[in-house]
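[1] structure for this input, please:
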Amino acid sequence: MYKNLEYISTKDMTREDWLFERKGGIGGSDAGAIIGVNPYRSPYSVWADKLGKLPEIPDNEAMRQGRDLEEYVAQRFTEETGKKVKRRNAIIHNPKIPYALANVDRLVVGEDAILECKTSSELRLKKYKAGEYPNTYYTQCMHYMLVTGAKKVYLAVLVFSRGFYIFEIERDEEEIQALAEAEAYFWNNYVIGDDVPPIDGSESTGEAIASIYDNPNGGELQATSTINRALTELEYYKAQKKDVERDIKERENIIKDYLGDNETLNGDNYLVTWKNQERKSFDYKRYIADNPDVDFSNYYKVSSSRVLRTKKTTKEES
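    Alright, predicted model coming up:
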């Protein structure tokens, strides 16, 4: 570990205070998003979060289970390896890297190493069995080594009801330097600077934009040359999407026709099945019709969202 690290105790810190401190720098879960390897967060959404433009993410079951099972994962790591671990109830700051912080799960006793505890679903089971793990985990571990100076991170992953896996991630100076440069650029140019991260096509960016601009004022704008180009490209890609969807359906129909009454097809590199499956759904319209004296108004959930629609116009119409 580096010397002269600074620590903000989290022992009696509320979750609200912890979230506030988290906005003051780039944490391990932010790192993967910043360099584009987090499928659930984008640079734009991280930027919006740091500037307080987004509401706090509500606690969900996955987050709750991850926290509750952290101690169990740490115990399993000790059982599997014989290595003792200890808590470091603090947010770690490196004065030489003021934009970066680390909230590590455990320190490994007697080693210059960190333990990162994860829980996962069986959707990734095959990758874990093959010795693979998500890039966002790897980036988080590199970020912690960047901040603390640790030489190694042990990544322990509990796959619910299916397996327990341990990976050793060694310090890589080139990777750490590249990550440090990316984080410094992000922080200096976007968070404390005046630039905005590029808009991408991720769901995370779309959700962030919708959240920021969720209170329209009825105003009207004239498109710039950049926006006109985006509109033209949007219509082009929509047309391409329709063509691709039609091509997909055509291939599916060719395969279905070949299968006929058969259910399974063996290709050179594919296994195809075409089987019946049942789906049950609640016919609420019929239920209401059968119960005309019941007031169902309290059971309707009303939600509001802004819908973007484009329409090709002529010069006269515009």
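
[2] could you measure D194 against N188, distance?
    11 Å (Cβ to Cβ, to the nearest Å). No exception for glycine: its C-beta is placed from N, CA and C like everyone else's.

[3] now swap in V157 and tell me
    Taken as Cβ to Cβ, the span from V157 to N188 is 34 Å.

[4] is it true that K84 touches T78?
    Yes. Look at K84 against T78 with Cβ atoms under 8 Å: they come within range, at 6.2 Å.

[5] so after whichever helix or strand G206 is part of, what's the next helix or strand?
    In this assignment (DSSP states H and E), G206 forms part of helix 203-212. With elements assigned by DSSP H and E, the helix or strand that comes after helix 203-212 is helix 225-259.

[6] any idea of the mean pLDDT in the helix or strand just after that following helix?
    For helix 225-259, the following helix or strand on the C-terminal side (DSSP H and E) is strand 264-266. Over the span of strand 264-266, the pLDDT mean works out to 95.

[7] which residues are in contact with strand 264-266?
    Contacts of strand 264-266 with the rest of the structure, by Cβ atoms under 8 Å, 6 or more residues apart in numbering, involve 255, 258-259, 271-274.

[8] list the buried ones in the least confident helix or strand in the chain by mean pLDDT?
    Using mean pLDDT, DSSP states H and E, helix 15-22 stands out as the lowest-scoring helix or strand of the chain, at a mean of 80. For helix 15-22, burial by neighbour count (16 or more other Cβ atoms under 10 Å) applies to 21-22.

[9] against which helices or strands is it packed?
    On a contact count with 3 or more Cβ pairs under 8 Å, 6 or more residues apart in numbering; DSSP states H and E, helix 15-22 meets strand 90-94.

[10] alpha carbons of the strand it packs on, as CSV, please.
    Below are the C-alpha coordinates for strand 90-94, written out as CSV (Å, rounded to 0.1, in the frame of the first residue of the first chain):
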residue,chain,number,x,y,z
ALA,A,90,-13.2,3.8,5.3
ILE,A,91,-13.3,5.6,2.0
ILE,A,92,-9.6,5.7,0.9
HIS,A,93,-8.2,8.8,-0.7
ASN,A,94,-4.8,9.2,-2.3
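
[11] show the subsequent helix or strand relative to that strand.
    Following strand 90-94 toward the C-terminus (DSSP H and E): strand 97-102.

[12] quick one: L125 from F167, how far?
    15 Å.

[13] compare neighbour counts for these two and give me the winner.
    Neighbour comparison, L125 and F167: the larger count goes to F167, with 18 against 15 (by other Cβ atoms under 10 Å).

[14] test my guess that G24 contacts L101.
    Yes. At 7.3 Å, G24 counts as touching L101 under the criterion of Cβ under 8 Å.

[15] just the residues contacting stretch 171-186, thanks.
    26, 31, 34-35, 43, 46-47, 97, 99-100, 139, 142-143, 145-146, 150-152, 197.

[16] assign F164 to helix, strand or coil.
    Here F164 is strand, with the state taken from DSSP: H, G, I helix; E, B strand; the rest coil.

[17] partner residues bridging it?
    L158 (DSSP bridges).

[18] roughly how far apart are it and T81?
    Taken as Cβ to Cβ, the span from F164 to T81 is 11 Å.

[19] same thing with F186?
    On the measure of Cβ to Cβ, F186 and T81 end up 35 Å apart.

[20] the more surrounded of those two?
    Each of F186 and T81 has its neighbours counted (other Cβ under 10 Å); F186 has more, 24 against 15.

[21] which element, helix or strand, includes that one?
    Here F186 is assigned to helix 173-186, by DSSP H and E.

[22] what angle do strand 97-102 and that helix make with each other?
    Per axes from the mean of the first three to the mean of the last three Cα atoms, to 10 degrees, the angle that helix 173-186 makes with strand 97-102 is 110 degrees.
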